[in-house]
Each structure stands twice: as C-alpha cells, then as structure tokens.
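Colleague: quick one, fold the following:
(2 chains)
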Amino acid sequence: MIQENKNDSLDYSNALKADCANTIVEFGEQFQILQRLYDEFGLDYPEECHTNYRDSWFHYRKLYNKKDIISTSNEKYGLEEHLLRAIKDAQICFLQQIGQWLEVWYHHREFLCDYSGLQMNQSLFDSMGTNWVKSLWESSGKNEKIFADACVYWYKQNIYSAELGRQLQTLIHNLKNLILDLRLGGMNIFRPLDNIEYVRRSVALYEEICFSLKNSGMLYLLPVTSLIYRNCSLDASLQGW
Amino acid sequence: MMGNLEIISFFSAEDREFNREMVVRSMNQEKSIIMPERRGGKMLMDDLFKRSMYQDRQYDFTSEILDEYRKKWGITE
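Modeller: Predicted coordinates:
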C-alpha cells in the first residue's frame, strides 16, 4: 500500500514536471509574439522580462530534482509566478509606450509648438512616399530640428482632424482599459483559462491602432514621437493642467 | 499550441529599421515625455478642450472595471 502511494506520488510529480516544461515552451512562444510587436515600432524589449523568463528556468531545474509532491508544487508556483510577471510586464510596457505617443498627438496643442503661421520650406514636402515621415527625414538632411518642425507642421495642416481626434481618444481609452485589466487581474488573482487571452487582446489592439491610423499616415509618426517631442515640446503648457 | 495567432506587419523591413533608428536617437535624451495629471480635468469634445464632469465623459476607462473590483472585494467609497 505504501509502495503504491509512493508510485502515485512519483507519477503526479512527473506529470507536474511535464506540465511545467509545456508551460515554459508556451510562454516562450508568447514572448516571441510580443517581441515582434516591439520590433515593429523599433522599441526595446524590457530586460526584466528576459530575466524573469530565465528565473523560471531556474525553478524548473530545481523542480526537476525533486521527488515529493509538495516541493515539486512549490517550485511549480515559483516558476509560474516568474512567467506571469514577465508576460504582464512585457505587455504593459508596450501598451504604455504606445499610449504615451498617442497622447502627445491627441493633446498636440498642449504638447507641441504651433507652426501653422510659419512659412515652411515647401521643397521638404515635394517627394513624400507612403512612409512620408521617412521621406521627410531624408529631405530634411537628417537634421532633427528641421525634421521635427516639418512633421508637426504637416500633422497640424494635413493630418489632424476632429475625426482623427476622436479615433485617438478611443484608442487611448482602449489601451488604458487593457492595462487596467492586466493590473487588476493580477490583484484579483485572476488567471484566464486560456493563457494567451491577454496576448491575443494586445495583438488585436495593436492591429486596431495600425489599421485605424495607417490611412491618414498618422501611423508613421508614432515611432518618431519622442524625437519630435524633444525638439518641439511646449513645457509651459503643462503648467495649466 | 498558440492557435492561429498571426501578426500583421504594417511596416516594411526598411521602415522598421528607420523606426529603430528614430527610437535610439531619442533614447538618450534628458527631456522625457511628461504626462500631466488629467483626472477630472479637460477632454476633447467637439474638437475643443473643455472642462468635463465625470458624467459627461463618453469614454470612461475606470468606472466599469473598478466597480467590479470594488464589488468583488467589498470596497466602499
């Protein structure tokens, strides 16, 4: 009887090990998906997510040598904790960065200088391709200040409209909703049955942002937002808030 | 294992390189983007920034989710 219990325990422990190995692989695939989202906008994938993923492997190594259920389960919880932390941080960091960029353009009157009254050098805008931001960078001689001024000028004159403003508003709220869901999910100790649910929602939101901003050309402005903010920001405007 | 989760690429390889270059250029800057606190403040309505009350908001990103949270844990105002 004792021998039988011991065998059951060993089977369960082995099943846990196999389960943990699958979880690590599954999360690894999710990290690859998120890495691609970061790559699209040229963003840095957070270092902490790599270290958390690495730490989950340490737990797996410890777990692999354990024979009893309690120690194995403890390591399993530690492993999952690191994986969940890594995936959540990677998503929130991405969403926050995109949200911050969108807010600059949504509140452009408060954040960026107004060049509408100025006469810009029209030759800058002569040869603009699909990625007009990239064309502008080349025609401005890779001068950050000229480039930033021209981007803001073009955005205010030709891209921004009340309709785009409403679109940006909706997208910002969707981003904040998802971030809030992710954070409160952690506080509620809520874990979806489908491990990929939140990643799927992040990807859907990324696609929604790209689809709704591509036609107006607004999409290409997003990755250069920080550079433009550096050269054209209106710090004084922040005091009113 | 991951189902059919495909990512649509909206940028060409050259565009992605350009995006990366722009992000790197802006990374070592002293001036980071500072987001002002806007709770209960102004919002864009009819293309104008107006001071808005809580009930006027078309999109409220806190109430529904936080209400659920409060209900679950019995948190009252």
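
Colleague: hey, which helix is longest across chain B?
Modeller: If you go by DSSP state H, chain B has its longest helix at helix B:13-27.

Colleague: so which elements touch that one?
Modeller: helix A:2-40, helix A:132-139, helix A:225-232 (3 or more CB pairs under 8 Å, 6 or more residues apart in numbering or on different chains; DSSP states H and E). Just so you know, the C-beta spots here come from the backbone N, C-alpha and C atoms, and that holds for glycine as well.

Colleague: angle of the last one against helix A:132-139?
Modeller: Right, the one you point to is helix A:225-232. Here the directions of helix A:225-232 and helix A:132-139 differ by 50 degrees (axes from the mean of the first three to the mean of the last three CA atoms, to 10 degrees).

Colleague: and the closest residue to residue B:26 other than its chain neighbours, how many neighbours does it have?
Modeller: Excluding the flanking residues, the one nearest residue B:26 by CB to CB, 6 or more residues apart in numbering or on different chains is residue A:226, at 3.6 Å. With neighbours defined by other CB atoms under 10 Å in any protein chain shown, the count for residue A:226 comes to 21.

Colleague: from residue A:104, how far out is residue A:226?
Modeller: 9 Å (CB to CB, to the nearest Å).

Colleague: possible to save the helices and strands packed on helix B:13-27 as a markdown table with distance to residue A:177 and mean pLDDT?
Modeller: A markdown table is the format used below for the helices and strands packed on helix B:13-27 (distance: least, CB to CB, whole Å; pLDDT from 0 to 100):
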| stretch | distance to residue A:177 | mean pLDDT |
| --- | --- | --- |
| helix A:2-40 | 18 | 84 |
| helix A:132-139 | 28 | 91 |
| helix A:225-232 | 21 | 87 |
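
Colleague: could those helices go into TSV alongside distance to residue A:165?
Modeller: As requested, the helices and strands packed on helix B:13-27 are arranged in TSV below (distance: least, CB to CB, whole Å):
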stretch	distance to residue A:165
helix A:2-40	24
helix A:132-139	20
helix A:225-232	16
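
Colleague: just say which of these is most tucked in.
Modeller: helix A:225-232 (a mean of 22; mean count of other CB atoms under 10 Å in any protein chain shown).

Colleague: that one packs against which elements?
Modeller: helix A:69-106, helix A:144-154, helix B:13-27.

Colleague: now those helices as JSON lines including distance to residue A:189, mean pLDDT and mean neighbour count?
Modeller: Shown next, in JSON lines, are these (distance: least, CB to CB, whole Å; pLDDT from 0 to 100; neighbours: other CB atoms under 10 Å in any protein chain shown):
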{"stretch": "helix A:69-106", "distance to residue A:189": "11", "mean pLDDT": "92", "mean neighbour count": "19"}
{"stretch": "helix A:144-154", "distance to residue A:189": "45", "mean pLDDT": "89", "mean neighbour count": "21"}
{"stretch": "helix B:13-27", "distance to residue A:189": "35", "mean pLDDT": "91", "mean neighbour count": "17"}
